[in-house]
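1. predicted structure and sequence below. I'll ask about it afterward.
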Amino acid sequence: MPAIFAAPAEEAQVILGETVPIQRPGLHHLQGVEGIINKGNEIVHQWVEDGKQFIKQHGPTHEMVVHPQFSDCKLRITEPKLCDPNVKQYSGYLDITNDRHLFFWFFESRTSPEDAPLLMWLSGGPGCSSSTGLLFELGPCSISDEGTNTTHNPTPINVGYSYSEDGNTVNTSPVAAKDFYAFLELFLSRFPEYSTQPFYIAAESYGGTYAPHIANVIYTENKKIPVASLGLVKINLASVILGNGMTDNYVQMASTPDYLCEGPYPIYEDSNGVRCTELRNKVPICQRMIKACYDFDSRLTCVPATLYCGSLLSPILQSGLNPYDAHIQCDREKDGPFCYRQMGWIETYMNDPDVEAALGANPQRNIVLCNMAVKQAFLLRGDLMQNTPLLLTEMINDGVRLLVYAGNADMMCNYMGNERWVEQLDTVFLDEFSTAPTEQWVTMRSGKMAGTVRSASGAGSGAGNVTFVTVYEAGSVSFYLHQVHLPTLSRHMVPFDQPEAALDMIMRWFTDIPLTLDIVDLATPVVPFGKI
């Protein structure tokens, strides 16, 4: 998974990366180290200056950060001036001893960084780079001019710039989560000024599986850390945000026939016809196989469930429609394999030698936004079929807030299944949420009806402790973290499709303002979002 810590335009700090760790208290800079290392055919220079350790490798110079509690990891950091040169940025690599190198890119909030929350944005598929989230959805700039420029906007190994020298890679969400925790500890130890703000984990699509794993590792490790113990940072985990995620496939896969046959954008005219009947007949078998995966948790049970249940999605891929936006046809020759030609522009931009040099990226690597081999490695471990909701129960009961949102035009991770698994999530808010009414959500800025919301708070949080949002006319992409200075988010790509709605939703979530609160001038007519 790539990782980005970034700040949405005006109000957040962000890191973009590909599964990386961080540190500060107890952090070590090796003293008296100065020399040249011959690593294969590559010359690596190391030296100490002003108490900091530096390394020059692959051309760029990085500050090197290490931590006694993470002896297998080193963090290499440089300071680019790309995208928005007025924003403080850090980028580089988390180096792990088995020759895994995980890229990250951080953007500080444009305003009040000392107060802005820290948002980590995770990409969709485990083989996809967070650069899409950075340059396509929520970052401080957007890709333009077919990849030759950017404009102002108010991951696993071998993804993006991340790489492995000897082919070692991560192929399960639990292992990726541990890598990311190490990255956070190293980064926040080096930059403690970002460690006290509320920390939000947001993810889309497959991120609905691995974001809960990351949150669970943070939550579990936090409970082990006495005050100022061992120089570790107690990460201020505030919330998990999942957009059109794949989280509980036992429930979500069963919703596929309902969405494709009876949803707002059906692909079959006859909901009781042969094709819809065939789809529904697959559901009981799929659920039995997923239940076996939940019960026995092995490749022998989980991989067959992945392969069989995946056939429920085949009609989507055969429909000729954009799987992430049922409104539009997909011409893969023109739009690319993922139906968004902007993703090709991102590859063009990120593979520019000047951009690579500014980011301190390995110039020998060409960025690949989605590596199908990495995605397949996860799937063939049965990673997608794990009982992920179990990871959320304890932390939600303990006050970590959950926001699940879904665009109603996304076919792959449809809103029906997302709402159903939240309805069944075993927390202290279960009864309240199951009886919560579906209410309209109107944006603050323009008074447009953006969608609907259901929420449970136990008379606590104003915006809810467990909240589900359906975003109208919207259809998930990267791994990215940023400090948010409030004001950015709808379809599978909600922030791309409905930026005003996305911004309204995330702003209210951060400030704990209910989405159902009508603070628009009542004289302003409420109109639905038009199609994109």
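-> Perfect, thanks for sending it.

2. please, where are all the strands along the stretch 301-450 of the chain?
-> 321-322, 325-329, 401-407, 439-442, 449-456 (DSSP state E, counting those that start in this stretch).

3. could you give the angle of the following helix or strand past the last one to strand 401-407?
-> What it means is strand 449-456. Tracing the chain past strand 449-456, the next element assigned as helix or strand by DSSP states H and E is strand 466-471. Interaxial angle, strand 466-471 versus strand 401-407 (axes from the mean of the first three to the mean of the last three C-alpha atoms, to 10 degrees): 20 degrees.

4. ok, strand 466-471: who's next to it in the sheet?
-> If you go by DSSP bridges, strand 466-471 pairs up with strand 401-407 (parallel), strand 449-456 (antiparallel).

5. give me the most central residue, this protein.
-> residue 122 (1.5 Å; C-alpha atoms, centre = their mean).

6. which helix is the longest one in this structure?
-> helix 274-296 (DSSP state H).

7. can I get that one in PDB, CA atoms only?
-> Extracted C-alpha coordinates of helix 274-296, given in PDB (Å, rounded to 0.1, in the frame of the first residue of the first chain):
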ATOM      1  CA  VAL A 274     -32.400 -15.600 -15.900                       C
ATOM      2  CA  ARG A 275     -29.200 -13.600 -15.300                       C
ATOM      3  CA  CYS A 276     -30.400 -12.000 -12.100                       C
ATOM      4  CA  THR A 277     -31.600 -15.500 -10.900                       C
ATOM      5  CA  GLU A 278     -28.200 -17.000 -11.700                       C
ATOM      6  CA  LEU A 279     -26.400 -14.300  -9.700                       C
ATOM      7  CA  ARG A 280     -28.700 -14.700  -6.700                       C
ATOM      8  CA  ASN A 281     -28.100 -18.500  -6.800                       C
ATOM      9  CA  LYS A 282     -24.400 -17.900  -6.300                       C
ATOM     10  CA  VAL A 283     -24.900 -16.000  -3.100                       C
ATOM     11  CA  PRO A 284     -25.500 -18.900  -0.700                       C
ATOM     12  CA  ILE A 285     -22.400 -20.800  -2.000                       C
ATOM     13  CA  CYS A 286     -20.300 -17.700  -1.800                       C
ATOM     14  CA  GLN A 287     -21.400 -17.000   1.800                       C
ATOM     15  CA  ARG A 288     -20.700 -20.600   2.900                       C
ATOM     16  CA  MET A 289     -17.200 -20.300   1.500                       C
ATOM     17  CA  ILE A 290     -16.500 -17.000   3.200                       C
ATOM     18  CA  LYS A 291     -17.900 -18.400   6.500                       C
ATOM     19  CA  ALA A 292     -15.300 -21.200   6.100                       C
ATOM     20  CA  CYS A 293     -12.600 -18.600   5.600                       C
ATOM     21  CA  TYR A 294     -13.800 -16.700   8.700                       C
ATOM     22  CA  ASP A 295     -13.800 -19.900  10.800                       C
ATOM     23  CA  PHE A 296     -10.500 -21.500   9.700                       C
END
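
8. chain center to that helix, what's the gap?
-> 28 Å (C-alpha atoms, centre = their mean, to the nearest Å).

9. and for stretch 93-105?
-> 18 Å.

10. now do the buried residues in that stretch.
-> 93-96, 100-105 (16 or more other C-beta atoms under 10 Å). Bear in mind the C-beta positions are built from the backbone N, C-alpha and C, glycine included.

11. do stretch 275-291 as well
-> Buried-residue list, stretch 275-291, by 16+ other C-beta under 10 Å: 275-276, 279-280, 282-283, 286-287, 289-290.

12. next one: stretch 429-441
-> Buried-residue list, stretch 429-441, by 16+ other C-beta under 10 Å: 429-430, 432-433, 436, 441.

13. how about the residues you listed in JSON lines, adding distance to residue 175 and pLDDT?
-> Listed next are those as JSON lines, based on distance: C-beta to C-beta, whole Å; pLDDT from 0 to 100:
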{"residue": "429", "distance to residue 175": "30", "pLDDT": "97"}
{"residue": "430", "distance to residue 175": "31", "pLDDT": "97"}
{"residue": "432", "distance to residue 175": "35", "pLDDT": "97"}
{"residue": "433", "distance to residue 175": "32", "pLDDT": "97"}
{"residue": "436", "distance to residue 175": "36", "pLDDT": "96"}
{"residue": "441", "distance to residue 175": "37", "pLDDT": "94"}
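
14. among those residues, list the two that are farthest apart in space.
-> 430 and 441 (22.3 Å; C-beta to C-beta).

15. as TSV, the buried residues of stretch 275-291 with pLDDT and distance to residue 333 would be great.
-> Shown next, in TSV, are the buried residues of stretch 275-291 (pLDDT from 0 to 100; distance: C-beta to C-beta, whole Å):
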residue	pLDDT	distance to residue 333
275	95	27
276	97	30
279	97	28
280	97	34
282	97	31
283	98	34
286	97	33
287	98	37
289	97	36
290	97	36
